[in-house]
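Chemist: Structure of the sequence below:
(2 chains)
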Amino acid sequence: MKLARDEVRHVATLARLELSPEEEELFAAQLSDILEYINQLNELDTDSIEPTSHAVDLMNVFREDEISQKFDPGIWKLNAPSEDHGHFRVPKIIESEG
Amino acid sequence: MEYEVVIGLEVHTQLSTKSKIFCGCSARFGANPNENTCPVCLGMPGSLPLLNSEVVNRAIKAGLATNCTIASKTKFDRKNYFYPDLPKGYQISQYDMPIAINGRIDIHVNGVKKSIGVTRIHMEEDAGKLIHGENLGDQSSSYVDLNRAGVPLLEIVSEPDIRSSEEAKKYLGKIKAILEYLDVSDCNMEEGSLRCDANISLRPVGRKEFGTRTEVKNMNSFRFLKRAIDYEVERQRQILEDGGAIIQETRLYDSDRDMTMSMRSKEEAHDYRYFPEPDLEPLVIDSAWIEKVRASLPELPDAKFERFVEQYDLPEYDAEVLTASRQIADYYETAVKDAKNPKTVSNWVMGEVLRIVKEQNISPEQCAVTPAMLNDMIGLIDTGVISGKIAKTVFEEMAKTGADPKTIVEQKGLVQITDTSFIEEEVGKVISANPEQVAQYKAGKTKLIGYFVGQVMRATKGKASPESVNRILRQKLDQ
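Modeler: Down below sits the predicted model:
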């Protein structure tokens, strides 16, 4: 499976990555190789195998509906690049209204 | 050309669990910003979600109450997009295996029952809240509060079965009633615990294929839902009539300007790249679990509606108003106990009680006139102690002071006068003071009886029993 340059650009945009033309070229080739490698799995006949959504054979893992706050209430600030008025401060978000 | 309106609604409701869906932080509204956060809902690397079992229970409840099939296997998926109110860069939601599918909600429109299909119900986490710089701090920034991030949500998606803004309102009202009856959500539209988006399209009457649709967001009250749909339908109708084409897009309703506006979002904004959430194990829901939840369901709005019509012999309109909320239904059932005429009680609840609830913006439980007090007052009317007219005064006094009706009647001397000799005396006075009207009455203008009754009631300050006054007046005048 060969990945086209514009597909790489699309994925990069979704991931908010800016790529140079050279990088687009390079990653198109590398990503294609990765996909090709993974595609080997398609050679297996899985018709009689039930699909799973999880690698571990566990189900119905729950917690009870109880409040437990084990962390300091100020913990949110620790990794915040900027905070003010008790809030995370981020660059202004412009609502994309027309 | 005649067009048919086609509407599907997506309703989001916050579940009123104690804790969030994937961590032990409080899910309550109104804490200080970012107070209810931890590494899980902050999206810290290495933290793992752990599912709140009560969220699943409530989702099953909502599914059963809307006649859905509950999935025997279900799972969570990641919906990927970037926005500052979404700390992980993805929302944990359900994509191709929702917990409930193929349901039905019945509504009454102009006395006719109509079923609206429920496509699916799924569980997901809410995002945080963004405050723009105009409202806090400096203009060039936005501010993020993640208290709401991770609060459990149900998304209820309808089939495109809705044909008017009126039906949309009824459908949303029914969902609200069901969720309130189930006690799974506060359903407070102002606080955002009940939100609604509408997919709207038009097609020429008789055509099978759907027209191009727009999605309208930001309708945070029943009134705005109706207005936004009406606006959008009219906008599309005009474009189509002018030979134009509808652009598939998301539009925001602006209640100040009463119009919808295009949100020009980039194409890839809708490329969510869903994939199974590897941090959460799948769910298997067996019939024992489903039956246990089914057994815990309360009487639901439709069943209560039928029972009110049957048991209290109420008009359908009354039954619908009274069962629209569980609290009002409970209020009515306490107030109507042993009452001679359940319809009279319904009039009091729909008229006076709901007026106070609306005026003071309170819940029926907070009304100064408790259902027990109203029940006592109805008893006073039924036993002839006070007239229905005097009851208005008693009710106002109860609402003002919270005193019980018997005390008010005694203190204010409002006991109805049934003393025949006293009434006869008053009737005699009115007859001799109005010879002209008496002559007209005797000449055949019998409608004047109302005038005489009014005069006697005025003379007795409304305390005379209207029945006695009527009877005695007729006796005297028809002699």
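
Chemist: average pLDDT for stretch B:421-437?
Modeler: Stretch B:421-437 shows a mean pLDDT of 87.

Chemist: distance between that stretch and the chain's centre?
Modeler: Here stretch B:421-437 shows a centroid-to-chain-centroid distance of 51 Å under the convention C-alpha atoms, centre = their mean, to the nearest Å.

Chemist: can you check stretch A:82-97 too?
Modeler: Put simply, stretch A:82-97 sits 22 Å off its chain's centre (C-alpha atoms, centre = their mean).

Chemist: if I look at B:T214, how far off is chain A?
Modeler: Distance, B:T214 to chain A, using C-beta to the nearest C-beta, to the nearest Å: 13 Å. (Each C-beta comes from the backbone N, C-alpha and C, glycine too.)

Chemist: Does that residue touch B:Y253 like I think?
Modeler: No: look at B:T214 against B:Y253 with C-beta atoms under 8 Å: they stay out of range, at 11.1 Å.

Chemist: what touches both of the two?
Modeler: Counting by C-beta atoms under 8 Å, 6 or more residues apart in numbering or on different chains, the residues touching both B:T214 and B:Y253 are B:T260.

Chemist: For those two, indicate the residue with more neighbours.
Modeler: The neighbour count for B:T214 versus B:Y253, taken as other C-beta atoms under 10 Å in any protein chain shown, is higher for B:Y253 (23 against 19).

Chemist: if I've got this straight, the more buried one is in a helix?
Modeler: No: counting by DSSP: H, G, I helix; E, B strand; the rest coil, B:Y253 is not found in a helix; it is strand.

Chemist: Tell me the bridge partners for it.
Modeler: Beta-bridge partners recorded for B:Y253 (DSSP bridges): B:T260.

Chemist: quick one: average confidence on the lengthiest helix in chain A?
Modeler: As assigned by DSSP state H, the longest helix anywhere in chain A is helix A:21-39. For helix A:21-39, the mean pLDDT works out to 95.

Chemist: in that helix, what counts as buried?
Modeler: Buried residues in helix A:21-39, counting neighbours by 16 or more other C-beta atoms under 10 Å in any protein chain shown, are found at A:E24, A:F27, A:A28, A:L31, A:S32.

Chemist: Make TSV out of those and add distance to B:E396.
Modeler: TSV is the format used below for the buried residues of helix A:21-39 (distance: C-beta to C-beta, whole Å):
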residue	distance to B:E396
A:E24	77
A:F27	77
A:A28	79
A:L31	76
A:S32	80
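
Chemist: Just send those residues back as CSV, with distance to chain B too.
Modeler: Compiled in CSV, the buried residues of helix A:21-39 are given as follows (distance: C-beta to the nearest C-beta, whole Å):
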residue, distance to chain B
A:E24, 16
A:F27, 17
A:A28, 18
A:L31, 15
A:S32, 18
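
Chemist: out of these, who's nearest B:Q475?
Modeler: Of all the buried residues of helix A:21-39, the one with the least separation from B:Q475 (C-beta to C-beta) is A:L31, at 102.0 Å.

Chemist: Return the residues in contact with that closest one.
Modeler: Neighbouring residues of A:L31 by C-beta under 8 Å, 6+ apart: A:L3, A:V8.

Chemist: Of all residues in chain A, which one is nearest the centre?
Modeler: For chain A, A:A15 is the residue whose C-alpha lies nearest the centre (C-alpha atoms, centre = their mean; 8.0 Å).

Chemist: what's downstream of whichever strand or helix holds B:K406, the next helix or strand?
Modeler: For B:K406, the host element (DSSP states H and E) is helix B:405-411. Using DSSP H and E, the helix or strand that directly follows helix B:405-411 along the chain is helix B:420-433.

Chemist: Which strands or helices does the helix or strand just after that following helix pack on?
Modeler: Per DSSP H and E, the first helix or strand lying C-terminal to helix B:420-433 is helix B:435-442. For helix B:435-442, the packing partners by 3 or more C-beta pairs under 8 Å, 6 or more residues apart in numbering or on different chains; DSSP states H and E come out as helix B:449-459, helix B:466-477.

Chemist: Quick one: low-confidence residue ranges for chain A.
Modeler: A:1, A:94-98 (pLDDT under 70).

Chemist: How about the residue nearest the centre of chain B, nearest residue that isn't a chain neighbour?
Modeler: Geometric centre of chain B, nearest residue: B:G173, 4.8 Å, by C-alpha atoms, centre = their mean. Of all residues not flanking B:G173 in the chain, B:A324 sits nearest, at 6.4 Å (C-beta to C-beta, 6 or more residues apart in numbering or on different chains).

Chemist: Return the residues in contact with that neighbour.
Modeler: Contacts of B:A324 by C-beta under 8 Å, 6+ apart are B:G173, B:A177, B:P301.

Chemist: List the residues that contact B:V345.
Modeler: B:Y332, B:A335, B:V336, B:A339, B:L374, B:I378.

Chemist: Apply 6 Å and report the result again.
Modeler: Listed by C-beta atoms under 6 Å, 6 or more residues apart in numbering or on different chains, the contact set of B:V345 reads B:A335, B:V336, B:A339, B:I378.

Chemist: for B:L136, same thing?
Modeler: B:L136 is in contact with A:H85, B:Y143, counting by C-beta under 6 Å, 6+ apart.

Chemist: what about B:A288, neighbour count?
Modeler: Using other C-beta under 10 Å, B:A288 is surrounded by 8 other residues.

Chemist: Ignore what I typed, I meant A:L78.
Modeler: When neighbours are counted by other C-beta under 10 Å, A:L78 registers 12.

Chemist: Chain A contacts on the stretch 101-250 of chain B?
Modeler: Contact residues, the stretch 101-250 of chain B versus chain A (C-beta under 6 Å from any C-beta of the partner chain): B:G133, B:L136, B:G137, B:S140, B:S141, B:S142, B:Y143, B:V144, B:D145.

Chemist: Nearest spatial neighbour of the fourth one, chain-adjacent residues omitted?
Modeler: Leaving aside its chain neighbours, B:S140 sits nearest to A:K92 (5.4 Å; criterion: C-beta to C-beta, 6+ apart).

Chemist: Let me see the domain layout of chain B.
Modeler: Domains of chain B are assigned by automatic domain parsing as B:3-293, B:299-411, B:420-477.

Chemist: per-stretch mean pLDDT over these, give me the minimum one.
Modeler: domain B:420-477 - the lowest mean pLDDT of these, at a mean of 85.

Chemist: and of the domains of chain B, who's closest to A:Q69?
Modeler: domain B:3-293 (6.2 Å).

Chemist: Could you report the distance from B:A27 to B:G244?
Modeler: From B:A27 over to B:G244 the distance is 46 Å, taken as C-beta to C-beta, to the nearest Å.

Chemist: And these two? Which one has more around it.
Modeler: B:A27 (27 against 10).

Chemist: how many other residues sit next to B:G462?
Modeler: Around B:G462 there are 18 other residues, counting by other C-beta under 10 Å.

Chemist: Actually, B:A245.
Modeler: Residues near B:A245, counting by other C-beta under 10 Å: 9.

Chemist: any idea how far it lies from B:S262?
Modeler: Distance of B:A245 to B:S262, given as C-beta to C-beta: 14 Å.

Chemist: and chain A, which residues reach chain B?
Modeler: A:13-14, A:53-54, A:58-63, A:65, A:67-68, A:71, A:73, A:76, A:84-90, A:92-93, A:96-98.

Chemist: any idea what sits nearest A:K2, other than its immediate chain neighbours?
Modeler: A:S32 (5.1 Å).
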